[in-house]
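Colleague: just the structure for this:
(2 chains)
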Amino acid sequence: MKPAVLTGEHYITGDVACAEGAIAAGCTFFGGYPITPATEIAEHMAERLPDVGGTFLQMEDEIAAIASILGAAWTGAKAMTATSGPGFSLMMENLGLAVCTETPCVIVDVQRTGPSTGLPTMTGQADMMQARWGSHGDYELIALAPSSPQDCFYQTIRAFNLSEKYRVPVLIMADEIVGHMSEKVVIPEPGRIKLVNRPKPTGRKDRFKLYEPGPNGVAPMPAIGDGYNIHVTGLTHDERGYPSMTVEAQEQMLARIKNKIRDNLDDIITTESYRLEDADIVIVSYGISVRTGLAAVDRARALGYRAGLLQLVTVWPFPEALIREIAGRVKGFITVEINLGQVHHEVERCAGGLAAAHLVGHAGGRIIHPDKVLECIEKEFARP
Amino acid sequence: MTTNPKKPARQPEHPLDDLIRTDRIPHIWCPGCGIGTAFSSCLSAIKATGLPYNRFTMVSGIGCSARGAGYIKLDSFHTTHGRAIPFASGIKMARPDLKVIVFSGDGDLFAIGGNHFIHAARRNMDLTVICVNNLTYGMTGGQVAATTPNMAKSTTTPLGNPDAPFNLPLLAYAAGATYVARWTILHTRDLTTAINEAILRKGFSFIEVLSPCPVNYGRRNKEKPIDTLRLYQDRTIIKNGADPVKADIDFGKGVVLGTFIDIDRSTCDDRYCEIHRPCSDD
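Modeller: Numbers count the residues shown, from 1 in each chain, chains lettered A, B, ... in the order given. The predicted structure is shown next:
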């Protein structure tokens, strides 16, 4: 039996690092279904969860996989599933159920290409808009994008923490390269890993309301068997959790789902930067494409361009305010992502015409070469 | 004089009130519908176990029957269409000590959710699955279901259903269910006993409850509410241990009721525990 936190230095893939991050975060339930390139997460969880008294369950499809983790989450467990494009598509309806019922859970999408079966073993970043809007209706959720195996470890812990704190599904938008490549991953001492657990209700059970927001807009959440006789439904519900087929209940429910995220953006949104202080050309990137961006910044600097990188660690909610602020003082943005323009459109929207917004994208299957970014810089920002 | 002298000063308490969210009454079920009867059998069966209520949870999908989860005063989950069983499986495997009851309809459990049903049965997932079978999609207005009899009329088969319905007990047995029973809402005592047995035993237990939908099925198939109940009385044969192969629903030749299957087989959670937690108990 290995401990939950494997303190030390490891040479592991992003998928395995993600699974180790989950175990370190206190995950005790994984429901999954095999799919390339996310299968290794399930395999590693199947091996590791019994070490911590947890349960791994392979389900009959991805719909069942996400349904099982929502059920497990209501027993009080921290629960996770992992998939890729086609499975991610199948999960969309129950992702909406998780949002609507404010069920904490973590869903990893190790992105490959699409549409449909696409290139199953090759990388892509084209599920980013699906991550934001893939389930029907209006809602908010959180999506993080790791750019290395080390990042996979930390972002998975952070995903659980945010999920518990805000009672919201958190998506980890990895990709095939990050998932499959091996790098050094340092796992710290257990005491150095900060864990967050969902707020539990206190006070009189007969006056308890399942969705009555606490101080940060998030309602405390009991588990099955705690004696609160909760009713949980995907129908529009009032603060008691009871179905309420009224415009007012719909408005109140959506406001709570939206505000608990929008009112805590400073806590949720994380970005990293590289040589950004004096930059007038800002490369915006996330996930594996951050590595393209880092190389491009150095090479552009060597050519005399004042380039810098903004890495979106949190992609959703989108760091609108930051992009707007930067837009006022730079010549332009170049979004580097392995798709034909998804986060690029958000950058363009927030740049609001104050700064140019260009895309260096690709239909998928491989990482974008820094040359492509250099070409864009020289074409769009050539010095007089 | 504005008060009714016949009205008691206080509403008398129903013996099942402690299991009902009385603040959610009136319910949505139509006059003549059988779901309420199946539901109260389920509540009586829960009560008769004598187990503390916080050891139970009810999970449902979508449809008329699935609304039951919203009326029961237990931790209860009204999930997405067809997905009650995998949601319930997550609960069961994370908290094996809980009694997990799935209460839903035929459309939910056997059309959109059919795949989940057979896999949970195969694994002998320790769930009590109660299927209220009204032969149609009631909530959406009477479309053809996977249980609608051949040539029966529905809004999507206005000239008659060209297809054959599922034999649910046979399907459950073939997939691996270890307890299979069928009753009608006219046989409430037998039904209550069956649900009680199913809750108290370990394994995947399946109970089909035949139930009238006069508004959306009977109306289009020349069955008045009382006609359906007469069929349940006159055209059924109670035969415990009957071969599920012979459990087709054909009121012309008679419909078998009873406990068809009751066998012991290790459950999914037991086996997981045995393999992965060898030292956790004796």
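Colleague: what is the burial count for the residue lying closest to B:Thr136 once chain neighbours are set aside?
Modeller: In space, and not counting its chain neighbours, B:Thr136 is closest to B:Tyr217: 4.3 Å by Cβ to Cβ, 6 or more residues apart in numbering or on different chains. Every residue, glycine included, has its C-beta placed from N, CA and C. B:Tyr217: 24 surrounding residues under other Cβ atoms under 10 Å in any protein chain shown.
Colleague: go ahead and confirm A:Met128 touches A:Asn339.
Modeller: Yes: applying Cβ atoms under 8 Å, one finds A:Met128 in contact with A:Asn339, separated by 6.8 Å.
Colleague: please identify which helix or strand holds the residue of the stretch 1-150 of chain B found nearest chain A.
Modeller: Here the stretch 1-150 of chain B gets closest to chain A at one residue, B:Gly90, 3.0 Å apart by Cβ to the nearest Cβ. According to DSSP states H and E, B:Gly90 maps onto helix B:84-94.
Colleague: what are the contacting residues of the helix or strand just after that helix?
Modeller: Sequence order places strand B:99-105 as the next helix or strand after helix B:84-94, per DSSP H and E. With Cβ atoms under 8 Å, 6 or more residues apart in numbering or on different chains as the test, strand B:99-105 has contacts from B:39, B:42, B:46, B:49, B:51, B:55-61, B:63-66, B:68-69, B:84-85, B:88, B:91-92, B:109, B:113, B:126-134, B:138, B:199.
Colleague: adjacent strands (with direction) for strand B:99-105?
Modeller: strand B:56-60 (parallel), strand B:128-133 (parallel) (DSSP bridges).
Colleague: will you turn those strands into a markdown table that also has mean pLDDT and mean neighbour count?
Modeller: What follows is those, written out as a markdown table (pLDDT from 0 to 100; neighbours: other Cβ atoms under 10 Å in any protein chain shown):
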| stretch | mean pLDDT | mean neighbour count |
| --- | --- | --- |
| strand B:56-60 | 98 | 28 |
| strand B:128-133 | 98 | 28 |
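Colleague: residues from the stretch 201-350 of chain A in reach of chain B?
Modeller: Proximity of the stretch 201-350 of chain A to chain B (Cβ under 8 Å from any Cβ of the partner chain) is limited to residues A:224-235, A:242-243.
Colleague: the same query, at a cut-off of 6 Å, please.
Modeller: When proximity is defined by Cβ under 6 Å from any Cβ of the partner chain, the stretch 201-350 of chain A lies next to chain B at A:224-225, A:227, A:229-234.
Colleague: pull out the buried members of those residues.
Modeller: For those, a neighbour count by 16 or more other Cβ atoms under 10 Å in any protein chain shown gives the buried set as A:224-225, A:229-234.
Colleague: any chance of a markdown table for those, columns pLDDT and secondary structure?
Modeller: Shown next, in a markdown table, are those (pLDDT from 0 to 100; DSSP: H, G, I helix; E, B strand; the rest coil):
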| residue | pLDDT | secondary structure |
| --- | --- | --- |
| A:Ile224 | 98 | coil |
| A:Gly225 | 97 | coil |
| A:Asn229 | 97 | coil |
| A:Ile230 | 98 | coil |
| A:His231 | 98 | strand |
| A:Val232 | 98 | strand |
| A:Thr233 | 98 | strand |
| A:Gly234 | 98 | coil |
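Colleague: biggest separation within those, which pair?
Modeller: Distance extremes for these: the farthest pair is A:Gly225 and A:Gly234 at 21.6 Å, using Cβ to Cβ.
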